[in-house]
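In: following is a predicted model, sequence given first.
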There are 4 protein chains.
Amino acid sequence: MGFKVGVVGATGYVGEELFRILCRHPEVTAMAAVSRDFPGSSLDRVFPHLRGYVDLEIMELEEIPALIEFSDLVFVALPHGLSAPVVQEVLGKGKRVIDLAADFRLPEASLYEAWYQMPHGAPELLREAVYGLPELFRSAVCAARLVANPGCYPTSALLALAPLMKHGLVDQESLIVDAKSGVSGAGRTLALGSHFSECNENVRAYAVATHRHTSEITYYASVLAGGKADVTFTPHLIPMTRGILSTVYANLLRPCDASSLRQVFREFYAGEPFVQITEEGEWPETKWVQGTNRCYLGLTIKGRCVIVVSVIDNLVKGAAGQAVQNMNLMFGFPETAGLAVPGLYP
Amino acid sequence: MGFKVGVVGATGYVGEELFRILCRHPEVTAMAAVSRDFPGSSLDRVFPHLRGYVDLEIMELEEIPALIEFSDLVFVALPHGLSAPVVQEVLGKGKRVIDLAADFRLPEASLYEAWYQMPHGAPELLREAVYGLPELFRSAVCAARLVANPGCYPTSALLALAPLMKHGLVDQESLIVDAKSGVSGAGRTLALGSHFSECNENVRAYAVATHRHTSEITYYASVLAGGKADVTFTPHLIPMTRGILSTVYANLLRPCDASSLRQVFREFYAGEPFVQITEEGEWPETKWVQGTNRCYLGLTIKGRCVIVVSVIDNLVKGAAGQAVQNMNLMFGFPETAGLAVPGLYP
Amino acid sequence: MGFKVGVVGATGYVGEELFRILCRHPEVTAMAAVSRDFPGSSLDRVFPHLRGYVDLEIMELEEIPALIEFSDLVFVALPHGLSAPVVQEVLGKGKRVIDLAADFRLPEASLYEAWYQMPHGAPELLREAVYGLPELFRSAVCAARLVANPGCYPTSALLALAPLMKHGLVDQESLIVDAKSGVSGAGRTLALGSHFSECNENVRAYAVATHRHTSEITYYASVLAGGKADVTFTPHLIPMTRGILSTVYANLLRPCDASSLRQVFREFYAGEPFVQITEEGEWPETKWVQGTNRCYLGLTIKGRCVIVVSVIDNLVKGAAGQAVQNMNLMFGFPETAGLAVPGLYP
Amino acid sequence: MGFKVGVVGATGYVGEELFRILCRHPEVTAMAAVSRDFPGSSLDRVFPHLRGYVDLEIMELEEIPALIEFSDLVFVALPHGLSAPVVQEVLGKGKRVIDLAADFRLPEASLYEAWYQMPHGAPELLREAVYGLPELFRSAVCAARLVANPGCYPTSALLALAPLMKHGLVDQESLIVDAKSGVSGAGRTLALGSHFSECNENVRAYAVATHRHTSEITYYASVLAGGKADVTFTPHLIPMTRGILSTVYANLLRPCDASSLRQVFREFYAGEPFVQITEEGEWPETKWVQGTNRCYLGLTIKGRCVIVVSVIDNLVKGAAGQAVQNMNLMFGFPETAGLAVPGLYP
């Protein structure tokens, strides 16, 4: 028998990363790939580093039904807007699906439509979609047919915010998330903003206070806080390939010292295989998590301002790795299966 | 006749940058250099890119008196703590001096001693030292014998904060400065934190809420606001050589829209040769100012949160360029002399 | 009066670099720009670092006649194949022109057609085109109506090869040029090969032994040697924006020692303002020439193998700077006008 | 029972990399670490990315005897000159050892002394040391007590040269190896040459024709060719952390076409788990092997010049990974144990 997975949208960075992780996964015995680009090629011609690890031919979009038929689980790594119909089709055939686009992350179609400026493709499915941040919504993930895999920025921000929100420690209406991302977060699609000579030796803010992930961070911060949160989110692009470091600022509602707060975080994430709280005075670096599904959190307090620094690899914990973590939960595999590797350093 | 300058601490990045700028300065006719490292070498052996532009032999520390004698103006580019005695000596000989270290930036010895953990070397000079941020303190700079050149982070932060402080637009007790710096800010001295393989493809926060520049930003923000300011300052190191981008967050005291605020900034910096306010929706990038003395400011408002993004080249507007701008003011040269060059892009 | 220049193809990296240099040129009083992209925009919206230095509106392709009319000299910075008709038009109107594409670099249409796989657009002009490498063909440049500005790789290679060829010191039929280029050499046009995440933390060879610049290097090496040369040329892309380092290998025809050879190079380039020969044991770095029109050459001998290392900034000496140097010669300006600036380091 | 390894020199990049690989090795059940730096610390304080994977306290140099006692195999990752006495001690206690320094790579003490400018510390062991390049000397490795792990440059060069040498296809006296290395090859020890601001956005040649690895490449090229080889070796430092790309040039002794030569390479490396020959027109990139023990080889022929391009990760196939491959052979484990992971891309 074995466990078979299909990936729709196989030749972007998230698709690539799924194969890099899944090819070492102890439960996965077969894989299939669909991509608009490069149909008919072998996947390892497109991604030579996978040669010898993944041996399959890329199917074209028309073959999605066959891919669904083949698979026990389908990952959809398409741009937002394109994933909804594929997700419908997978569910319609009685299979389970993890969507890595934004389509099912917000539970209300109106919210999606306001931020993404297009009608939602499958609003009837929003109710059953589960937001796949396992550290916060594990039991729902286990039972889900449809998991909406979180965005990279929201993952880094929400893991930093969650203990503060859940314990009501800070003013949830004045949250600031200042994020610094590597360029792979912008995907493999060509754009001047991802052109080497424009990004290298450069840093810039973009979509300040208007980035779409603002809606996702705000929504789940509110859920966690049990009341309306307000988040000012400023993403920055820095000259590296992988990694996101988010610096989160929030105002304490009552005095607290850093070591007590650290203890709160330690307890909140006790037993979590992928979240680490650093020691006092130790600040996490994205290089610590390069290629891994981990998140490190460091924190301190200045006056009434809490500062939490969070690092993840945007393509792993921020995308493909978290999707595999969700798969593990959905199918009863060990949560760390395929994901227990130390980061690549230096 | 002509105008002669001496540089003490000639072989760090700030010293190098002074020579790169001064060798094209229309008023400077001769230069001298002192350095603990490489005494007796020609400067262009240490910095081959200066070959043909700067032709002088590096003098040793013992020759500081001769350098002072030679110079109309002395730049001191030594580590903090070491500059005070040299500054004393220069002033004692009746010459003027620009100190690029931290020793004279804070007007109270106790503040210096609290943040720098050492006794101040020349407290009697603090009263007359002028903080050399020309856009804010131009007339004092013109008349100064001793200019304390601002730190790189404070320059980027204070130019972003000044219009807000001066006009009393925001709550000065909840300021946040989230800064991203290139590695040259850490100087040419070897350290694991500046080692290529540790910095490349990496981002980290450091000295969170405890960085020494916090004191300088806070002090001058208070001066500008006319009351006690409070600043949470988080510096980050990103994998590039030059540039600082500071993202500043502050809470509006009364409603305001972005275009009015932009107008406030435009008027505040009207006529300033080195400060540019970007258009709505245009966010500045450090690459725009690479190698220049410029600062670009972009801004927006989200709810009651003002967000200002500021970019400078840390070695130019953040150090050597601003020092030359101060020199120009002190000696009645055109303020942009030697500094009117477009940035190197891409 | 004054001297007016026009740039066709203004919004690529070479176009940008021409404006960056020309805006500081002491003889140039006015400029005009044509570009297919961004017509009607002001140039400093496209290149914000030029704000305050260049103030002009980009004209569309249809306005080329007006640009020619306006200009004393036209720079054509279009892709190969597109430049020939513009060059014809400029000459037809009695103006002089510097072409930065490949169209007029090889004096035989057949050679062009073999390497560039397209018919030549103006073969009748090939005879009078002058190859604009001033250190080797200065007097011809001075008299030229049409200068073909050399490619970036050929500039770096030929400056390293010339003394060897001219003096007949090496076997001209076994030359090897191993070149390492920054990514800006591939231009501003989007391509997967210039995508940040593909280039960063990576090095690759490309077009091995088939790169089009092979023809240019080989042709002029032959001219210099006075006989047929053979060149194996291997370009590599490395993760930086600017700079080319070429390592040239050749076999000595008769024994020679490195210090004699260094003397040969010193004499060959005596008086050249832009070529520097390094000291024994000192190897040039691209950072030494960042933003400048310089070429540094270092050399040694191992057995009968001569090794010459050459560095340039591909956008300056390899393109726009050399074009301005050619302009200076064509119009009797000082050869270094607008180009005498030290490199940006670090 | 299980298999226990000790690492002497645990806190450099090679030491780190050994732990990163060994912690996932299916046969290794326990590890010990000695380092001059950080004795008494836990290893995961020095290398936070290893937290949760490696849990041990760093022992001091004085505890080497205890480490040897503990271990079934000792890896020595010390600077050259320091490793010889440790190797002696390990063998004296009847244990086996893999030395990652240069001390035992050349079988003649005089050669070592000429290139490394110091007396050899254990010349009596040279005879039995085996050069640990498994693809070329597998059977000797299997039987060895003392394996000298090859240098990073020699590994990349010799894998490219071996088929040419073994088949006598090229003139072995005119070999050229032009190598481009990431900065981690220079280790974790601080040096201006590894300082971020000096390396970033820069490329330089160094130790041209005098680099110590010349001796190692030349010696084993001669062994493979069965006669004296001559190698011109030019290393370059490029702005990335990991990876070496070597471009090898050699002159054919008799005509040959690229596809036949490709076939020769394919047969030479048939069945090798870590060597891949690329397709015609496909050139390998270091990013394909990032974090892996693989070597990709691409090749072509121009006239009589063979060009082979070889890529490895300098810290894996060029150091720690190859050492583990040697360990696997020495102890009868599957050769790919712990090493069968796809590279990290992008």
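Out: Ah, there it is. Please read all numbers here as calculations on a predicted model, not as lab measurements. Residues are numbered from 1 along each chain as shown, chains lettered A, B, ... in the order given.

In: can we go C-alpha only for contacts and neighbour counts from here?
Out: Fine.

In: now whatever residue of the stretch 1-150 of chain A ends up closest to chain B: closest residue in space that isn't a chain neighbour?
Out: Residue of the stretch 1-150 of chain A nearest chain B, by Cα to the nearest Cα: A:Trp115 (15.5 Å). Closest residue to A:Trp115 apart from its sequence neighbours, by Cα to Cα, 6 or more residues apart in numbering or on different chains: A:Arg212 at 5.9 Å.

In: repeat that for A:Arg96.
Out: A:Arg145 (4.8 Å).

In: list the residues that contact the one you found.
Out: A:91, A:95-97, A:128-129 (Cα atoms under 8 Å, 6 or more residues apart in numbering or on different chains).

In: do A:Arg24 as well
Out: A:338, D:341.

In: how close does it get to A:Val7?
Out: Taking Cα to Cα, to the nearest Å as the measure, A:Arg24 falls 16 Å from A:Val7.

In: count of neighbours near the residue of the stretch 151-300 of chain A found nearest chain C?
Out: Residue nearest to chain C within the stretch 151-300 of chain A: A:Phe196 (4.0 Å; Cα to the nearest Cα). Neighbour count for A:Phe196, taken as other Cα atoms under 10 Å in any protein chain shown: 30.

In: I'd like the distance between it and C:Met240.
Out: From A:Phe196 to C:Met240 the distance is 8 Å (Cα to Cα).

In: do the same with A:Leu56
Out: 35 Å.

In: looking at those two, which one has more neighbours?
Out: Counted by other Cα under 10 Å, A:Leu56 and C:Met240 do not tie: C:Met240 has more neighbours, with 26 against 15.

In: need the contact list for the more buried one.
Out: Contacts of C:Met240 by Cα under 8 Å, 6+ apart are A:197, A:200, C:181-183, C:200, D:200-202, D:239.

In: again, but for A:Pro26
Out: A:337-338 are the contacts of A:Pro26 under Cα under 8 Å, 6+ apart.

In: that one: what secondary structure?
Out: Under the three-state scheme (DSSP: H, G, I helix; E, B strand; the rest coil), A:Pro26 adopts coil.

In: pretty sure A:Lys317 is in a helix, no?
Out: Yes. Secondary structure assignment places A:Lys317 in a helix (three-state DSSP).

In: what's the nearest residue to it if we skip its chain neighbours?
Out: Counting by Cα to Cα, 6+ apart, the residue nearest A:Lys317 is A:Asn293, at 4.3 Å.

In: thought A:Val311 was touching the one you found, still the case?
Out: No. Assessed by Cα atoms under 8 Å, A:Asn293 is found out of contact with A:Val311, at 10.5 Å.

In: name the residues of the stretch 151-300 of chain A found near chain D, please.
Out: The stretch 151-300 of chain A comes close to chain D at residues A:184, A:201, A:241-242, A:287-289, A:291, as judged by Cα under 8 Å from any Cα of the partner chain.

In: between those residues, which is nearest C:Thr11?
Out: A:Glu201 (20.2 Å; Cα to Cα).

In: am I right that A:Thr300 falls within a strand?
Out: Yes. Assessed with three-state DSSP, A:Thr300 lies in a strand.

In: A:Asn293 and A:Val311: who's more crowded?
Out: Set side by side, A:Asn293 and A:Val311 show more neighbours around A:Val311, with 34 against 30, by other Cα under 10 Å.

In: helix or strand: which one has that one?
Out: strand A:305-312 (DSSP states H and E).

In: and A:Val97, what are its phi and psi?
Out: phi -150, psi 140 (degrees, to the nearest 10).

In: for it, list each beta-bridge partner.
Out: Note on A:Val97: beta-bridge partners by DSSP bridges are A:Val74, A:Leu146.
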